[in-house]
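**Q** For reference, the sequence and a predicted model appear below.
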Amino acid sequence: MPDFDLTPDQEAFRAVVRDFAEAEIRPRAEQMDATGEFPVDIVRGMGELGLLGLPFPEEVGGGGADYLTYIVALEEIARVDQSTAITLEAGVSLGAAPIVYWGTEAQRERWLPPLLTGDGLAAFGLTEPDAGSDAGATRTTAVRDGDEWVVNGSKAFITNSGTEITVLVTIAAVTSRGDDGRARISNIVVPSGTPGFVVEPKYAKMGWRASDTHGLTFEDCRVPVENLLGEEGDGFRNFLRILDEGRIAIAALGVGLAQACLEESVRYANTRTAFGRPIGANQGISFKLADMAVSVEAARMLTRKAAWLRDLGRPFKQAAAMAKLYASEAAVAATREATQVFGGAGFIDETPVSRYYRDAKVLEIGEGTSEIQRLIIAGGLLADPGSA
Amino acid sequence: MNILVCVKQIPDPAGPQELNNDNTLKREGKLILDESDSYGVEIALQLRDTAGEGEVTLISMSPGEPSGLRTALAMGADKAIHVVDDTLHGADALSTAKVLAAAVQRAGDYTLVIAATESTDGYTGTVPAQLAEILGLPSVTFAKSIRVEGGKVHVDRQTEAGYDVVEADVPAVVTVTAGVVEPRYPSFKGIMAAKKKPLETLAVSDLGLDLSSWGQNIVSVEDAPSRAAGEKIEDDGEAYLKIVEFLEEQKVI
């Protein structure tokens, strides 16, 4: 019989992560949003909890948890602060994962330890100014010169790439071209501080303001040949896997955000009065709460099912795209409706829902836009009509 | 250095509380580690880790599953002794101290017994001193920091004015004031490891005690009196003087 309960271990850890999020993150979320301060101490705290290495095998120093446990933990952080949640998501799913999956033993020993404890962060440099969802259009090049790769090009919207504890960025770069002229893309590790590797100033962003996002420029940036991660030419396949998993994680951010909207809206609808009664007594408000609750539940189920499929080793590309599409759109709708429930109070920064509203939109864009998710889902259906 | 920590599992204070017909607290749902005990657990873990050897053993008397004990094991305690016995329902503070003392005597060599100053559900604040008396050990209360050196325990003992510096021979019973350290969160690995740690479940008969009755029963329970209305000061431009005067009267400033 299928089981919709978390295991006792997952539930115990979920409760710890909620306590941590409520005590260590919530009191600072508004201020971090206002100032854009990057909370190194919170990252370290998450490291002590075991969050940064959670879904990786114990043999490499990870927590040995399944992906579902990670997703549940991520939802708890996201329920309190989206900026911290994307910092965690990018640190785990984009930063550490490539080293865990494709690193040699020597590479893991060299780069992984600080990434699993929260003492360091790594970034994943895929998106470029002219290559977003169309990752095959990557223009950054890495040319072999003796014992070195010489990297030239630029990257855009790279999370965690410029914090004071960032230690490296794994980039996707064209390392050669096949006989047909097609680019062969490889992953190369560029340590922070390498000459020729320039971290551009932080973007001013609508949301996720306390997360760290930069453009990166590489000008004749030289790294040793042993910084190639995985096989040469495997970069495209590799980052597709990273993106598939990352989509489940972004979906968890959407679930957490929609959950936060639901809780805030229910509380406000019970306490705010208009025309002599709580506003929740009006169906115009109460129906919003009902719809929000349904979408939170549906988003959570899709997200956890995608993680469950991944944990069982089954195909999860479609499920991850569905979860990401639905949860991000549910989050955008929930923040819009929560702001409406709050009325004028939702438009000022003294209530959290204005921050939620600004934080939501990027969920429909990052790690594959909603349009890309629909392409993936529809493409899968048309290629395999039996799956319809 | 071996340290014993007396901890209590209690119903979550955040939830609604109900009483049984005999005026005792209902303890049927999931029990959690009393937050006041988390400070003593943290101090014990720090003392063990500083010493670089020894074990932290939890000692608890409570009904139900050891869910609160698992939290403390997940924080890093090494093992636990859990006394579970229906005959202890409604046990008073002295009986509780007798049970804990008997469990302490089974726990092997130890340097310190640490406890909270009081529990969050019962608030009697008498069990640790009774425990020390039964065990024939020195009792030091309200510790804000604990150091063991040269066969003695050195305690900064919190007072209203500041703190006293106290020392006692070990072994000793020391109670820890809530809030004096930041208890660590259990990590995921800690939660997984806790399942494999030794947890001994004992009945009263295993402790060689005969405790079927005690002198104290709860006769009745009344609501706490509601707070009286405060004094309103209208601001005529000099209200601050009245507020300062009031605070001085209360010896707050």
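**A** Thanks, I have it. Residues are numbered from 1 along each chain as shown, chains lettered A, B, ... in the order given.
**Q** hang on, isn't B:Met192 packed against A:Gly64?
**A** Yes: using CB atoms under 8 Å, B:Met192 is in contact with A:Gly64, at 7.2 Å. Where you see a C-beta, it was placed from the backbone N, CA and C, and this is true even at glycine.
**Q** okay, now B:Thr117: neighbour count?
**A** Number of residues near B:Thr117 (other CB atoms under 10 Å in any protein chain shown) recorded here: 18.
**Q** next one: A:Val16
**A** A:Val16, neighbours per other CB under 10 Å, totals 22.
**Q** residues from the stretch 51-200 of chain B in reach of chain A?
**A** In this structure, the stretch 51-200 of chain B approaches chain A at residues B:70-71, B:74, B:184-192, B:195, judged by CB under 8 Å from any CB of the partner chain.
**Q** at 6 Å instead, please
**A** Contact residues (CB under 6 Å from any CB of the partner chain) of the stretch 51-200 of chain B with chain A: B:Tyr185, B:Pro186, B:Ser187, B:Phe188, B:Lys189, B:Ile191.
**Q** Make CSV out of those and add pLDDT and secondary structure.
**A** Converted to CSV, these look like this (pLDDT from 0 to 100; DSSP: H, G, I helix; E, B strand; the rest coil):
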residue, pLDDT, secondary structure
B:Tyr185, 95, coil
B:Pro186, 95, coil
B:Ser187, 94, coil
B:Phe188, 94, helix
B:Lys189, 94, helix
B:Ile191, 95, helix
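**Q** Tell me which two of those sit farthest apart.
**A** By the measure CB to CB, B:Tyr185 and B:Lys189 form the most distant pair in these, at 11.9 Å.
**Q** more crowded one of the two?
**A** B:Tyr185 (22 against 18).
**Q** from memory the more buried one sits against A:Arg18, does it?
**A** No: the criterion here is CB atoms under 6 Å, and B:Tyr185 misses it with A:Arg18 at 10.6 Å.
**Q** Residue ranges in chain B under the pLDDT threshold?
**A** In the predicted model of chain B, no residue satisfies pLDDT under 70.
**Q** what sits up against the strand of greatest length in it?
**A** Longest strand of chain B, by residue count under DSSP state E: strand B:139-149. Strand B:139-149 has contacts (CB atoms under 6 Å, 6 or more residues apart in numbering or on different chains) with B:43, B:111, B:117, B:129, B:132, B:154-158, B:163, B:166, B:168, B:173-177, B:180.
**Q** cool, and stretch B:206-213?
**A** B:Ser95, B:Ala102, B:Val204.
**Q** hmm, try it at 7 Å
**A** Contacts to stretch B:206-213, defined as CB atoms under 7 Å, 6 or more residues apart in numbering or on different chains, come from residues B:Val83, B:Thr87, B:Ser95, B:Lys98, B:Val99, B:Ala102, B:Ala103, B:Val204.
**Q** again with stretch A:287-298
**A** Contacts for stretch A:287-298 (CB under 7 Å, 6+ apart): A:255, A:258-259, A:261-262, A:265-266, A:269, A:326, A:330, A:333-334, A:337, A:340-341.
**Q** Would you check which pair of those lies furthest apart?
**A** Checking these with CB to CB, the most distant pair is A:Ala269 and A:Tyr326, at 24.4 Å.
**Q** picking up where we left off before, can the contacts of stretch B:206-213 go into TSV with extra columns for secondary structure and neighbour count?
**A** As requested, the contacts of stretch B:206-213 are exported to TSV (DSSP: H, G, I helix; E, B strand; the rest coil; neighbours: other CB atoms under 10 Å in any protein chain shown):
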residue	secondary structure	neighbour count
B:Val83	strand	23
B:Thr87	helix	14
B:Ser95	helix	22
B:Lys98	helix	20
B:Val99	helix	24
B:Ala102	helix	21
B:Ala103	helix	23
B:Val204	helix	22
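**Q** Distance to A:Asp3 added to these, as a markdown table?
**A** Output for the contacts of stretch B:206-213, formatted as a markdown table (distance: CB to CB, whole Å):
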| residue | distance to A:Asp3 |
| --- | --- |
| B:Val83 | 34 |
| B:Thr87 | 37 |
| B:Ser95 | 42 |
| B:Lys98 | 44 |
| B:Val99 | 38 |
| B:Ala102 | 42 |
| B:Ala103 | 37 |
| B:Val204 | 38 |
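**Q** Now flag whichever of those is closest to chain A.
**A** B:Val83 (22.9 Å; CB to the nearest CB).
**Q** Verify the stated contact: that closest one with B:Pro63.
**A** No: with contacts counted by CB atoms under 7 Å, B:Val83 stays clear of B:Pro63, the gap being 9.9 Å.
**Q** that older thread, return the alpha-carbon coordinates of the following helix or strand past the longest strand of chain B using PDB.
**A** Next along the chain after strand B:139-149, taking DSSP states H and E as the criterion, comes strand B:152-158. The C-alpha atoms that make up strand B:152-158 are tabulated as PDB, following Å, rounded to 0.1, in the frame of the first residue of the first chain:
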ATOM      1  CA  LYS B 152      36.700  19.400  42.100                       C
ATOM      2  CA  VAL B 153      33.800  21.000  40.200                       C
ATOM      3  CA  HIS B 154      34.000  24.700  39.800                       C
ATOM      4  CA  VAL B 155      30.700  26.400  39.200                       C
ATOM      5  CA  ASP B 156      29.700  30.000  38.400                       C
ATOM      6  CA  ARG B 157      26.400  30.000  40.300                       C
ATOM      7  CA  GLN B 158      23.900  32.500  39.000                       C
END
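**Q** Adjacent strands (with direction) for strand B:152-158?
**A** Next to strand B:152-158 in the sheet, as set by DSSP bridges, lie strand B:139-149 (antiparallel), strand B:163-169 (antiparallel).
**Q** tell me what the helix or strand following the last one is packed against?
**A** This means strand B:163-169. Following strand B:163-169 in sequence order, the next helix or strand is strand B:172-176 (DSSP H and E). Contacts defined by 3 or more CB pairs under 7 Å, 6 or more residues apart in numbering or on different chains; DSSP states H and E place strand B:172-176 against helix B:35-51, strand B:112-116, helix B:127-135, strand B:139-149, strand B:152-158.
**Q** Can you tell me what sits against the helix or strand just after the first one?
**A** Moving toward the C-terminus from helix B:35-51, the next helix or strand (DSSP H and E) is strand B:56-61. Counting by CB under 7 Å, 6+ apart, strand B:56-61 makes contact with B:2-9, B:44-45, B:48, B:69, B:72, B:77-83, B:88, B:96, B:99-100, B:103-104, B:107, all of which sit outside it.
**Q** ok, now with 6 Å
**A** Around strand B:56-61, the neighbours that count as contacts under CB under 6 Å, 6+ apart are B:3-7, B:44-45, B:48, B:69, B:72, B:77-83, B:96, B:99-100, B:103, B:107.
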